[in-house]
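Peer 1: Curious how this folds, go ahead:
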Amino acid sequence: MKVHEAMKLHDPDESEDDALDDLIGHALGLVETPMPLTMTEREHRIARLRSSLDMLLDDGLESREHSELLPRVDLGRRTLDRIQEREALSLEFREPLKYRPRWRAADLAVAAAVLLAAFLSSVTALKDGKAAAANLACSANLAQIWKGFEQYSTFYNAYPNATVENHRLPIGATLSLILHTGHLDPSAPLTCPGCSSRLNAGELPHWNQLREQSETAIHNFSGLITDVYALHPGLKGQTGIKHLERSMIDAMRSMIPLVGDRPPVSDRRVVNGNSPAHGGYGQNVIFADGHSTFFRSRSMRSLDSDIYANRHGHCSAAIDPFDLILIPAGVNPN
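Peer 2: Residues are numbered from 1 along each chain as shown. I've put the predicted structure just below:
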């Protein structure tokens, strides 16, 4: 036990710690025991320790009489330098936004391209919409004329043909004939909505007047019905035109055209190309069974190579009941 205590008393670390504790206690006024140091060294160390403790515990509310805390001499310069660095860094990051133009040429080009594409799409859609509406209206007009042909053929077992009744008349006079017999509504349109002129059935000359008109009057009548729908011309006979009988085609009515858009005509002659009624894109045709089809060429697929010419290539009467042909209303099929 005594050995341990002797070792403890001679431990240099413990002696220094005790001396420091005594020094702190004396600086705080808690120890009255004199220090084993010389007066000058003791007072110097106490003053230095007291100043350190004072600085540690100072809350900034009381004035320091003995030792003021002064800022570093270069503190102002360093602070300004840091502020300038921060501003320069901020400007560097903001520079692309600060000096960037509101609209670049590439942005304007892209926007213009998008607007142009949208405009062209809308124009195409508008054209397609108008074309579809015109096709529907045209089909409705054809259906009204077909209804007159159907009712007439049901009653007489033959499709109407004005040229059979009077060989001088063009095939378009057939519309006056079925108007006279009461099978065609006077308000029925006789021209495609795509045509420049409009003509209703009620505007046609009376059938009895047509039969008695002179050649000049009939010629003028042919000019009146230039834009009227093309009609089936009937069958070529030995002495003239014959009726297309309903019983002849009863099993093939879905293949026999009765009415359709007129072909292109120049100087009263049919020329190449689609009907001008739909801008040259094709022609509507309604068949004997009542269904209509829009053909994008004059060929009816495998049925016929040219709907506006008979099997011999002429714009006249059909060679037989299964010769598919429509001729302009102002043409005489003889």
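
Peer 1: tell me which residues in stretch 228-243 are buried?
Peer 2: Neighbour-count burial for stretch 228-243, counted by 16 or more other C-beta atoms under 10 Å, picks out 228-236, 241-243. Where you see a C-beta, it was placed from the backbone N, CA and C, and this is true even at glycine.

Peer 1: Just the CA trace of that stretch, in PDB.
Peer 2: Output of stretch 228-243 as PDB, limited to C-alpha atoms (Å, rounded to 0.1, in the frame of the first residue of the first chain):
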ATOM      1  CA  VAL A 228     -77.100  15.600-116.200                       C
ATOM      2  CA  TYR A 229     -76.100  12.100-115.000                       C
ATOM      3  CA  ALA A 230     -75.200   9.500-117.600                       C
ATOM      4  CA  LEU A 231     -77.800   6.800-118.300                       C
ATOM      5  CA  HIS A 232     -77.900   3.300-119.700                       C
ATOM      6  CA  PRO A 233     -78.600   3.700-123.500                       C
ATOM      7  CA  GLY A 234     -80.600   0.500-124.000                       C
ATOM      8  CA  LEU A 235     -79.800  -2.300-126.400                       C
ATOM      9  CA  LYS A 236     -78.800  -2.100-130.000                       C
ATOM     10  CA  GLY A 237     -81.500  -3.700-132.300                       C
ATOM     11  CA  GLN A 238     -81.700  -4.500-136.000                       C
ATOM     12  CA  THR A 239     -83.800  -1.400-136.700                       C
ATOM     13  CA  GLY A 240     -82.900   0.900-133.800                       C
ATOM     14  CA  ILE A 241     -82.800   0.900-130.000                       C
ATOM     15  CA  LYS A 242     -84.500  -1.700-127.900                       C
ATOM     16  CA  HIS A 243     -85.600  -1.700-124.200                       C
END
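
Peer 1: Begin at 19, not 1, for the rest of this chat.
Peer 2: Okay, residue one is now 19; in that scheme the one you just asked about reads as stretch 246-261.

Peer 1: Could you list the low-confidence segments of the protein?
Peer 2: In the predicted model of the chain, residues 19-58, 60, 71-91, 93, 105-123, 137, 139-147 satisfy pLDDT under 70.

Peer 1: how does it look with 80?
Peer 2: Counting by pLDDT under 80, the chain shows low-confidence ranges at 19-94, 96-97, 100-129, 134-150, 286, 319-321.

Peer 1: Can you tell me the number of residues neighbouring the residue nearest to P204 when sequence neighbours are not counted?
Peer 2: Closest residue to P204 in three dimensions, ignoring its sequence neighbours and counting by C-beta to C-beta, 6 or more residues apart in numbering: G220, at 3.3 Å. G220 is flanked by 12 other residues according to other C-beta atoms under 10 Å.
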